[in-house]
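Asker: All I have is the shape, not the residue letters:
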């Protein structure tokens, strides 16, 4: 990961395919801006050049800083390479542009331009996850994780960094002395409930809406705090759907996509891809917008949190889906 600066730049490139690290770096960058910064999210696969440039070069409605976060920036660069290169070479001073790339070769002109006028942050998952888990546990969660324990967690959860970090956080809460052993992993209530949350997300990804809804209601009966964790799990799921659509547009096979997304359970692969194809780009972004709204409502006390998540589950399984567009 690149060395981060403490003052904000006009352009940022977040480069890497790991969604957890991307979201971590995105949060870190956004934290550099004033609290009243006006944020706009755009999808690079659908955004038009003129609209993006107008957004960047116009002033915020209520003053302050404008922040444009572009998801799928790879697609936008492919369509408008020269114009985007020109912009990042001389960016507007009153706006901030955050580009989320899956990859960006260092020899490209735009990479070098962003190095001069902005900042590049790499978001590549480590090749060996175990040392990352041990360091993350110590630095972020103040717990000690031995190598056998880390390997046990990795075997049970897979190398999804977001899910691993969630479990480390729960184990930290459960621990009295800051030391985690194999037994605590297999018996902890937090782990069992996270596994059930994962199963709920799997049902949703497989298109089994009624079963997902049933699992969700069982989860909330066990622990009301699950309402607040659900958004994290659903965000991870939607990020996988988005990445699957992107990789499919690049010509990757379903098997290759499944491997890239760490879909270890083979019986879930075909239903997952069926759901991805049914949602398509339009349907996926409809759900992203809905989840953002639900998250805001939950945090601000608008409506019942459990009912808000149920609304999302039903919307995800609704017949009105975007399809490939």
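Answerer: All right, it came through fine. In this text, all values refer to a predicted model and were calculated from it rather than measured experimentally.
Asker: can you tell me how far residue 112 sits from residue 74?
Answerer: Applying C-beta to C-beta, to the nearest Å, one obtains 17 Å for the distance of residue 112 from residue 74. C-beta: built from backbone N, CA, C; applies to glycine.
Asker: When these two are compared, which one has more neighbours?
Answerer: Between residue 112 and residue 74, residue 74 has the larger neighbour count (other C-beta atoms under 10 Å), namely 20 against 14.
Asker: wait, the more buried one sits on residue 101?
Answerer: Yes: with contact defined as C-beta atoms under 8 Å, residue 74 counts as touching residue 101 (5.5 Å).
Asker: Could you tell me which other helices and strands the helix or strand where residue 240 lies packs against?
Answerer: With elements delineated by DSSP states H and E, residue 240 resides in helix 226-249, which encompasses its position. Helix 226-249 is packed against helix 19-30, helix 73-89, helix 161-174, helix 189-205, helix 209-222, helix 254-260, helix 269-299, helix 305-316, with contacts defined by 3 or more C-beta pairs under 8 Å, 6 or more residues apart in numbering; DSSP states H and E.
Asker: Name the helix or strand for the residue lying farthest from the centre of the chain, please.
Answerer: Ranked by distance from the centre of the chain (C-alpha atoms, centre = their mean), the top residue is residue 177, with 31.6 Å. Using DSSP H and E, residue 177 falls within no helix or strand.
Asker: May I have the phi/psi pair for it?
Answerer: According to degrees, to the nearest 10, the main-chain angles of residue 177 amount to phi -110, psi 0.
Asker: Show the pLDDT at it.
Answerer: Among the per-residue scores, residue 177 holds a pLDDT of 81.
Asker: Also residue 278?
Answerer: Listed pLDDT for residue 278 reads 85.
Asker: Neighbours of it, how many?
Answerer: The burial count assigned to residue 278 is 15, neighbours taken as other C-beta under 10 Å.
Asker: what about it, distance to residue 197?
Answerer: The gap separating residue 278 from residue 197 is 23 Å, by C-beta to C-beta.
Asker: Ok, residue 240 next?
Answerer: In this structure, residue 240 and residue 197 are 15 Å apart, going by C-beta to C-beta.
Asker: so where is the stretch 101-250 of the chain shaky, pLDDT-wise?
Answerer: Filtered on pLDDT under 70, the stretch 101-250 of the chain yields the residue ranges 156, 184, 186-195, 198, 222-225, 227-228.
Asker: What helix or strand is the residue lying closest to residue 81 once chain neighbours are set aside located in?
Answerer: On the basis of C-beta to C-beta, 6 or more residues apart in numbering, the spatially nearest residue to residue 81 that is not a chain neighbour turns out to be residue 110, at 7.3 Å. Using DSSP H and E, residue 110 maps to helix 109-117.
Asker: what angle separates that helix from helix 73-89?
Answerer: Per axes from the mean of the first three to the mean of the last three C-alpha atoms, to 10 degrees, the angle that helix 109-117 makes with helix 73-89 is 50 degrees.
Asker: how distant is helix 109-117 from the center of its chain?
Answerer: Relative to its chain's centre, helix 109-117 lies at 25 Å (C-alpha atoms, centre = their mean, to the nearest Å).
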